[in-house]
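# Here is a sequence with its predicted model. Questions after.
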2 protein chains.
Amino acid sequence: MESRIERLCIERGLKMTGQRRVVARVLSDASDHPDVEELYRRASALDQNISIATVYRTVRLFEEQGILERRDFGGGRARYEPSEDHHHYHLIDIDTGKVIEFEDAELEELMKVIAGRLGFDLVSLRLELFGRRRDSRARERTASDGA
Amino acid sequence: MESRIERLCIERGLKMTGQRRVVARVLSDASDHPDVEELYRRASALDQNISIATVYRTVRLFEEQGILERRDFGGGRARYEPSEDHHHYHLIDIDTGKVIEFEDAELEELMKVIAGRLGFDLVSLRLELFGRRRDSRARERTASDGA
DNA sequence: ATAGGTGCAAAGCATTTGCCGCGGT
DNA sequence: ACCGCGGCAAATGCTTTGCACCTAT
């Protein structure tokens, strides 16, 4: 079946090759923030006819098309997630590497005000929180986004 | 004369070589956020007996010692600034690349609250705002702002 | 038919490191 | 004197690219 991201590609008139379809599917199915290596691994599982260079090219194309967002959580490799309509931010658990997403209207508002005070219009912002779980015993059963 | 950062090195018992003294001086004098290439350029102007590998090593050492902070403003190269006692954040002018520093107590408080809501203690955070300078017409309309 | 995509290997870029002679303490 | 430091060039890790072939439209 046609994945969500494949549909977006078609809307934008991108040529749909087998490889792109596979990458689109892998991304559509991902609920984490995989790096290129990991995308390549997942894509290869579905179709060995794919090279890592193509994954790089595809991921870049999708980003340019606004289909994908590139993230940098440190560690020197880019991580990707499908674009969503509402902005959200990330908190990284420094013990497990797990990434928690959150939204916060007040946050964005405050950033706009701060930029405004400095004489700027806020165009975009990059924010990552790094934190440690408060009660590690209670919630230690969750880890899927390890980097 | 002994630069501010050289003094910090001595306090920490680091061996003070000529090269380290030069890098310490360049950093002490910097009011911007130079990358390694730029530090190398400035250091070379004071003393040609320095290789870029040493700048890399020194900058890394200083960072490990808490003397320096590494920043990532995008563009793929690390940028450095001497550590300061109070946290501050950066707004990057997307047209000129110029970096504006600011502090904001409310911001840090909000981040703590957000992390807390998610069940985390905030350990650190990374934030960069990207903005565009409001044009002069817009600024005149607002009458007073601290550009 | 043809513009553009793909694989492969080589190149690129920022950064690190092995080796070995040199310099600070 | 000793251990660590610095220069150089080679190595590294992620990402991009040149080239020749292939495929979606």
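Yep, it's here. Predicted model, so just to flag it, every value in this text is computed and none were measured. Residues are numbered from 1 along each chain as shown, chains lettered A, B, ... in the order given.
# contacts and neighbour counts: CA atoms only from here.
Fine.
# what helices or strands is the longest strand anywhere in chain A leaning on?
With DSSP state E setting the assignment, residue counts place strand A:120-133 as the longest strand in chain A. Using 3 or more C-alpha pairs under 8 Å, 6 or more residues apart in numbering or on different chains; DSSP states H and E, the elements in contact with strand A:120-133 are strand A:89-93, helix A:105-117, helix B:105-117, strand B:120-133.
# export those to a markdown table and tack on mean neighbour count and mean pLDDT?
Converted to a markdown table, these look like this (neighbours: other C-alpha atoms under 10 Å in any protein chain shown; pLDDT from 0 to 100):
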| stretch | mean neighbour count | mean pLDDT |
| --- | --- | --- |
| strand A:89-93 | 21 | 95 |
| helix A:105-117 | 15 | 96 |
| helix B:105-117 | 15 | 96 |
| strand B:120-133 | 19 | 95 |
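# JSON lines for the ones you listed, including distance to DNA strand D?
Output for the helices and strands packed on strand A:120-133, formatted as JSON lines (distance: least, C-alpha to the nearest atom of the strand, whole Å):
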{"stretch": "strand A:89-93", "distance to DNA strand D": "18"}
{"stretch": "helix A:105-117", "distance to DNA strand D": "27"}
{"stretch": "helix B:105-117", "distance to DNA strand D": "27"}
{"stretch": "strand B:120-133", "distance to DNA strand D": "19"}
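# residues in contact with A:His33?
With contact set as C-alpha atoms under 8 Å, 6 or more residues apart in numbering or on different chains, A:His33 has these partners: A:Arg79, A:Tyr80, A:Glu81, A:Val99, A:Asp145.
# For the most centrally placed residue in chain A, list each beta-bridge partner.
Nearest to the centroid of the C-alpha atoms of chain A, with distances taken as C-alpha atoms, centre = their mean, sits A:Glu81, at 2.1 Å. According to DSSP bridges, the partner residues bridging A:Glu81 are A:Glu69.
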